[in-house]
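> need a structure here:
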Amino acid sequence: MSNSLYPVFLKLETLSLLIIGGGKIALEKLESVLGNSPETVIRLIAIEISPEVRTLQQKFSNITLYERAYHDDDFNDTDVAIIAVNDIDLAAKIREDAHQKNVLVNIADKPELCDFYLGSIVKKGNLKIAISTNGKSPTIAKRLRETFTETIPDEMDFVLDNMQNIRNQLKGDFNHKVTELNKITTQYLSDGKLSSKPDLEIEKLISITKIAQRKANIYLAIIGVMLLFGIFGLVVYQFDLSDDIQTFLSKDGHIFYWMLFAGFMAEIVAGSMGMGYGVICTTILLLLNVPPPVVSASIHSAESFTTAAGGFSHYKLGNVNKKMVWVLFPLAIVGSIIGALTLSHYGEHYAHIVKPIIACYTLYLGSNILRNAFKDKNKNRVKAKRRTNLRVLGLVGGFIDSFAGGGWGPLVTGTLIKEGRIPRYVVGSSTVAKFLLTVTSAITFIFTIGIHHWNIVLGLLLGGVFTAPFSAMLTSRLPTKKMFVVVGVVVILMSLVTIVKSFLK
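Got it, this is the predicted structure:
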């Protein structure tokens, strides 16, 4: 038998459905219909109706039950019918009556008598895929449904929303729109795999107006920095603060200037690699013999501003999966508080132990960065079948980030991308969650060790803020692989120096 079926999606909620039968099979058909079209008007007729069907009817007021024998008049005012009876002769008789009333029927487990099939349905938000085996194997159809449901990422609904927005903004005739949309979707589908280049995805999925807005934001940021300098100079001159500022800048061996450099380098690295701000700052601060609690407190205080800007940008660009954020951040906040309290309590008195521990962790991150530089991105790109528990990942990521001064990006963002999730939503959602835990960590440190490290915070913040307007333009011209190599080697060397110095004391 050739497969001559033509797949059609019905707006079932605008039609009248009749189900004949009240047993287990009828219950299965009911659940299938209600799972996809919950407001469908359904009449169910059976001599005996099971308790499970009655329980389901109590949840849906659009189901009407008739506990009696079937009559051919039941097909009046009926659009489609499902026959779920065990008697094959009765099923054939019902089918004849239905055809006399011009009603199409589906007869459970009797594909040769069906006018239409109820396919196994894959649901991902607005995406629906109907699977049919031409009536030969419903079991295979169910297995395929399970496979597709697991394989298609949860973020697909956000992709569909963005595609609709882009389609509505495109100008030109139908052929032009189809061509442009095909270019965009090729970034998502490449040999059956999701694209591994989030930059290309973002570039393709953001409309022309948003690109223009981003350029305008860069120029506005540059103007804002210039105005900030002007206002700062005016305040210094009016209140004669030059001596106080000089004292502030020379505090702790002129560490403020080192922090300007650290903030500048960290922002360049983060702009090029999408992660690494905390790792760079932590290694530099440890090398300068800054106490571990002050290291993490300073970094998180400065990052409270930078992650706020990054999170807001991702939200405006539609890169945030709110469901992922709500799962990640509650336990991430708990982890960050535990990490901050642990470091505040033990970091000062046991610095000779804590510093090498943190340095070993940054050494590990540096080796990962270096390994990524030489990894073949097209090799072994197999999606993990079992996904990481987001709550546990958030808890561990929050603790490590707060205790070690960084690591959220390599651990959380890196793990989620490796699992095959869409990179742009991973980066956007992770950045928002990172902002929330960063603020929490900074506040915890303020209440535990105070705010006597503002020269470090200000240096990191100004170094990053002044670099941010130019980092997007600069990093786009830097060779990414060489950046990975240089950063990885630098982090490894600085971590080794810190470890050696800790053991020589």
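> what about L370, distance to L285?
Per Cβ to Cβ, to the nearest Å, L370 is found 21 Å from L285. (Each C-beta comes from the backbone N, C-alpha and C, glycine too.)
> again, but for H300
With the distance defined as Cβ to Cβ, H300 ends up 12 Å from L285.
> my guess is V412 contacts L395, does it?
No - contact criterion Cβ atoms under 8 Å: V412 and L395 do not qualify, at 10.5 Å.
> between L370 and L285, which one's more packed in?
Neighbour tally, L370 and L285, criterion other Cβ atoms under 10 Å: the higher count belongs to L285, 27 against 18.
> In what element of secondary structure is the more buried one found?
Assigned by DSSP states H and E, L285 falls within helix 277-287.
> pLDDT-wise, which helix or strand of this structure ranks last?
Across the helices and strands of the chain, mean confidence by mean pLDDT, DSSP states H and E is lowest for helix 198-205: a mean of 45.
> who's more crowded, V412 and L395?
Counted by other Cβ under 10 Å, V412 and L395 do not tie: V412 has more neighbours, with 28 against 20.
> for V497, what are its contacts?
Shown here is V497, whose contacts under the criterion Cβ atoms under 8 Å, 6 or more residues apart in numbering are L287.
> Can you tell me the SS state at I121?
When the structure is split into helix, strand and coil by DSSP: H, G, I helix; E, B strand; the rest coil, I121 lands in strand.
> how many other residues sit next to it?
A count of neighbours around I121, defined by other Cβ under 10 Å, yields 17.
> One more: the one 5 residues further on?
Taking other Cβ under 10 Å as the criterion, the count of residues near N126 is 11.
> what's the answer for G230, then?
G230 is flanked by 10 other residues according to other Cβ under 10 Å.
> where's it, which helix or strand?
Under the assignment here (DSSP H and E), G230 is part of helix 208-239.
> likewise R43?
Following DSSP H and E, one finds R43 within strand 41-46.
> What is the subsequent helix or strand relative to that strand?
Scanning forward in sequence from strand 41-46 by DSSP H and E, the next helix or strand is helix 51-59.
> From the contact counts, what lies against the helix or strand that that following helix is followed by?
Beyond helix 51-59 on the C-terminal side, the first helix or strand identified by DSSP H and E is strand 63-67. With contacts defined as 3 or more Cβ pairs under 8 Å, 6 or more residues apart in numbering; DSSP states H and E, the secondary structure elements packing on strand 63-67 are strand 41-46, helix 51-59.
> switch the cut-off to 10 Å
Contact partners of strand 63-67 among helices and strands, from 3 or more Cβ pairs under 10 Å, 6 or more residues apart in numbering; DSSP states H and E: strand 16-20, helix 24-36, strand 41-46, helix 51-59.
> Relative to that strand, what are the paired strands and their orientations?
When pairs are called by DSSP bridges, strand 63-67 turns out to pair with strand 41-46 (parallel).
> Name the surrounding residues that touch the partner strand.
With Cβ atoms under 10 Å, 6 or more residues apart in numbering as the test, strand 41-46 has contacts from 12-23, 26-27, 29-30, 33-34, 53, 56-57, 60, 62-71, 74, 77-79, 81-82, 84-85.
> Drop anything exposed from those residues.
Of all these considered here, the ones buried according to neighbour count by 16 or more other Cβ atoms under 10 Å are 12, 16-23, 26-27, 29-30, 33-34, 53, 56-57, 63, 65-66, 70, 74, 78-79, 81-82, 84-85.
> quick one: the strands in the chain?
16-20, 41-46, 63-67, 80-83, 104-107, 120-124, 127-131 (DSSP state E).
> show me where pLDDT drops low in the stretch 201-350 of the chain?
Scanning the stretch 201-350 of the chain for pLDDT under 70 picks out the ranges 201-229, 232-233, 235-254, 267-276, 306, 309-310, 313, 317, 347-350.
> go again using 90 as the cut-off
Residues of the stretch 201-350 of the chain that meet the criterion pLDDT under 90 lie in 201-330, 336, 339-350.
> Also the stretch 351-500 of the chain?
351-394, 396-500.
> make it 70
Within the stretch 351-500 of the chain, the ranges that satisfy pLDDT under 70 run 351-352, 373, 375-387, 420, 422-424, 451-454, 464-481, 483.
> what's the answer for the stretch 51-200 of the chain, then?
135, 154-155, 157-158, 162-163, 165-167, 170, 172, 174, 176-178, 180-200.
> could you pull out the helices for it?
The residue ranges that make up the helices of the stretch 51-200 of the chain, judged by DSSP state H, counting those that start in this stretch, are 51-59, 88-100, 138-151, 156-169, 174-185, 198-205.
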